[in-house]
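Engineer: here is a sequence together with a model predicted from it:
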Amino acid sequence: MAASSDSPEDLLRALFAAAVDRALPERCLTAYLPEPPAGRTVVLGAGKAAASMARALEALWRGPLEGVVVTRRGHALPCRDIEVLEAGHPVPDEGSVVAARRLLETVVGLGPEDLVICLLSGGGSALLSALPPGVTLEEEQALTTALLRSGAPIGEINTVRREISLIRGGRLAAAASPARVVTLAISDVPGDHPTAIASGPTVPSAGTAADAVDVLRRHGIAPPPGIAAWLTRPASVEPALPPFEADFRIIARARDALDAAATLAAEAGLEPIILGDDIEGEARLVAREHADLARTHPGRLLLSGGETSVTVRQGGRGGRNSEYLLALGLALADRTDVWALAADTDGIDGSGDNAGAVWTPQTLERAAALGLDPADFLARNDAHGFFAAVGQLVVTGPTHTNVNDFRAIFLAPRVREPAP
């Protein structure tokens, strides 16, 4: 595979590690820090990387800090001056309600001499739940689950989330006014649009309730009664947000991670090709497209990022990266020279305990020896179960960053037979 003593599988895992390392807050935060204010510096944050971002900020900041951030359960890290909360993800829970209330309380009474530094990363939408009148947490949980199972892309999911919240869609920044708000974000969304990262609590949104209704209609989702009533309310029920300046700085994104992996691959003697950092679509369909591309690029390493989706038809334990990889392997089942890895840079593939999985030329052989039918696992959305059985899960634990999916595919070049 390369001019390296490592096995192909080891090299793929090293590429993934390099991608994650490039997006760690301590690697990328320094260049984006604002100047300290004349008044207080208050830190707010939400996302899977919020605790690590807060800790990195504490190590770099000149002057006093205070504030609160929320991260996914199991992703907390100790901080000196910043309070760290945990809440549910990908479905909000009571901790999400507490966290939203605490962030909104923290900005009360700030003045124009004060600075709010908001640390955002993927996962923040679920971790902050501030519900409008008449909407219950149980309703938000049910709607979130339906959206996640529908195959809707993350941009559409967040279109709905912004419209059933009193903190997303710029409402947190509006609550902090007249303080200056500077957002430092690790992007986990295709296209890196600020309104999509954690559903944009510090940037104004051009979306409307009608946009959310349209998303739900197109995916055949009937919202619970309280949410339906809120989305069809008269425009006068919720006044428009006051104008505010959005200083939004993206400190790490998928392209950075892919570039780091490509550099390492080239050093190992491979020719990397980055297919894109914003690839979306049904995981198994994207996998088939990538399988076709891999056939036309033998001997080259195909890298890609973005966020695929899965339409859940059965009750298996999947994960979009594991499902992508299983579909890819089946599409290339006639080849015995395929190595591939697909994993989420946050260390969690969906709601599982793995980041993703790896495919090797021995995968189908191992499955056959165990009497497993990989196509059946794919049909049941149980890619996790398949890769766990063959011993090819990628398990990292929380990485404390999140620039979304990382995928790498390598087909060995065909050796031409000598002419007779």
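Structural biologist: Great, that's in hand.
Engineer: ranges for the helices of the stretch 301-420 of the chain?
Structural biologist: 320-331, 363-369, 374-379, 383-389 (DSSP state H, counting those that start in this stretch).
Engineer: got the CA coordinates for the longest one in CSV?
Structural biologist: Looking back up the chat, that one is helix 320-331. Taking C-alpha atoms only, helix 320-331 is exported to CSV below (Å, rounded to 0.1, in the frame of the first residue of the first chain):
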residue,chain,number,x,y,z
ARG,A,320,-23.9,6.3,9.5
ASN,A,321,-20.2,5.7,9.1
SER,A,322,-20.5,2.0,9.9
GLU,A,323,-23.4,1.7,7.5
TYR,A,324,-21.5,3.5,4.8
LEU,A,325,-18.5,1.2,5.2
LEU,A,326,-20.6,-2.0,5.1
ALA,A,327,-22.4,-0.8,2.0
LEU,A,328,-19.0,0.1,0.4
GLY,A,329,-17.5,-3.3,1.2
LEU,A,330,-20.5,-5.1,-0.3
ALA,A,331,-20.3,-3.0,-3.4
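Engineer: now that helix: average pLDDT?
Structural biologist: For helix 320-331, the mean per-residue pLDDT is 98.
Engineer: same thing with the third one?
Structural biologist: Along helix 374-379, the predicted confidence averages to a pLDDT of 97.
Engineer: try the last one
Structural biologist: For helix 383-389, the per-residue pLDDT values average out at 96.
Engineer: so which of the helices of the stretch 301-420 of the chain comes closest to residue 188?
Structural biologist: Closest approach to residue 188 among these (CB to CB): helix 320-331, 12.7 Å. For every residue, glycine as well, the C-beta is placed using N, CA and C.
Engineer: tell me the contacts of the nearest residue to residue 370 once chain neighbours are set aside?
Structural biologist: Nearest residue to residue 370, sequence neighbours excluded (CB to CB, 6 or more residues apart in numbering): residue 389, at 6.0 Å. Contact analysis of residue 389 by CB atoms under 8 Å, 6 or more residues apart in numbering lists 367, 370, 372.
Engineer: give the buried subset of the residues you listed as a ChimeraX selection command.
Structural biologist: Listed next is the ChimeraX selection for buried residues among these, using 16 or more other CB atoms under 10 Å:
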select :367,372
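Engineer: reformat the contacts of residue 389 as a markdown table; add distance to residue 405.
Structural biologist: Formatted as a markdown table, the contacts of residue 389 follow (distance: CB to CB, whole Å):
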| residue | distance to residue 405 |
| --- | --- |
| 367 | 24 |
| 370 | 27 |
| 372 | 25 |
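Engineer: still on that earlier bit, between the helices of the stretch 301-420 of the chain, which one is closest to residue 357.
Structural biologist: helix 383-389 (3.9 Å).
Engineer: list the buried residues of the closest one.
Structural biologist: Result for helix 383-389 [16+ other CB under 10 Å]: buried residues 383, 384, 386, 387, 388, 389.
Engineer: now swap in stretch 111-131 and tell me
Structural biologist: 114-131.
Engineer: just stretch 131-141 next, same as before
Structural biologist: Across stretch 131-141, burial judged by 16+ other CB under 10 Å covers 131, 132, 135, 137, 139, 140, 141.
Engineer: in this structure the last one contacts residue 94, no?
Structural biologist: Just to be clear, that refers to residue 141. No. Counting by CB atoms under 8 Å, residue 94 is not a contact partner of residue 141; they are 10.4 Å apart.
Engineer: if we can go back for a sec, which two of the buried residues of stretch 131-141 have the greatest separation?
Structural biologist: Greatest spatial distance among those (CB to CB): 132 and 141, at 15.3 Å.
Engineer: still on that earlier bit, tell me which of the helices of the stretch 301-420 of the chain is the most buried.
Structural biologist: helix 320-331 (a mean of 27; mean count of other CB atoms under 10 Å).
Engineer: which helices and strands sit right next to it?
Structural biologist: Packing partners of helix 320-331 (3 or more CB pairs under 8 Å, 6 or more residues apart in numbering; DSSP states H and E): helix 283-296, strand 301-309, strand 338-344, strand 356-359, helix 374-379, helix 383-389, strand 405-411.
Engineer: hey, where'd the helices end up in the stretch 151-300 of the chain?
Structural biologist: Under DSSP H, counting those that start in this stretch, the stretch 151-300 of the chain gives helices at 154-163, 171-176, 209-218, 225-231, 254-267, 283-296.
Engineer: okay, the first one in CSV with CA atoms only?
Structural biologist: Think helix 154-163. Extracted in CSV, the C-alpha atoms of helix 154-163 (Å, rounded to 0.1, in the frame of the first residue of the first chain):
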residue,chain,number,x,y,z
ILE,A,154,-28.4,17.8,9.1
GLY,A,155,-29.2,21.2,7.6
GLU,A,156,-32.8,20.3,7.4
ILE,A,157,-32.9,18.9,10.9
ASN,A,158,-31.4,22.1,12.2
THR,A,159,-33.9,24.2,10.2
VAL,A,160,-36.6,22.6,12.4
ARG,A,161,-34.6,22.8,15.6
ARG,A,162,-34.1,26.5,15.3
GLU,A,163,-37.8,27.2,15.0
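Engineer: the chain should start at 6 in everything you say after this.
Structural biologist: Yes, from this point I'll number from 6; that puts the last item at helix 159-168.
Engineer: neighbours of residue 229, how many?
Structural biologist: Around residue 229 sit 16 other residues, with neighbours defined as other CB atoms under 10 Å.
Engineer: can you tell me how far it is from residue 211?
Structural biologist: 26 Å (CB to CB, to the nearest Å).
Engineer: with residue 341 instead?
Structural biologist: 51 Å.
Engineer: which one of the two is surrounded by more residues?
Structural biologist: Regarding residue 341 and residue 211, a neighbour count based on other CB under 10 Å identifies residue 341 as having more, with 11 against 7.
Engineer: which stretches of this structure have low pLDDT?
Structural biologist: Applying pLDDT under 70 to the chain picks out residues 6-10, 241, 244, 419-425.
Engineer: show me it divided up by domain.
Structural biologist: Using automatic domain parsing, the domain parsing of the chain gives 13-26+259-416, 30-257.
Engineer: gap between the two ends of the first one?
Structural biologist: For domain 13-26+259-416, the first and last residues are 11 Å from each other (CA to CA, to the nearest Å).
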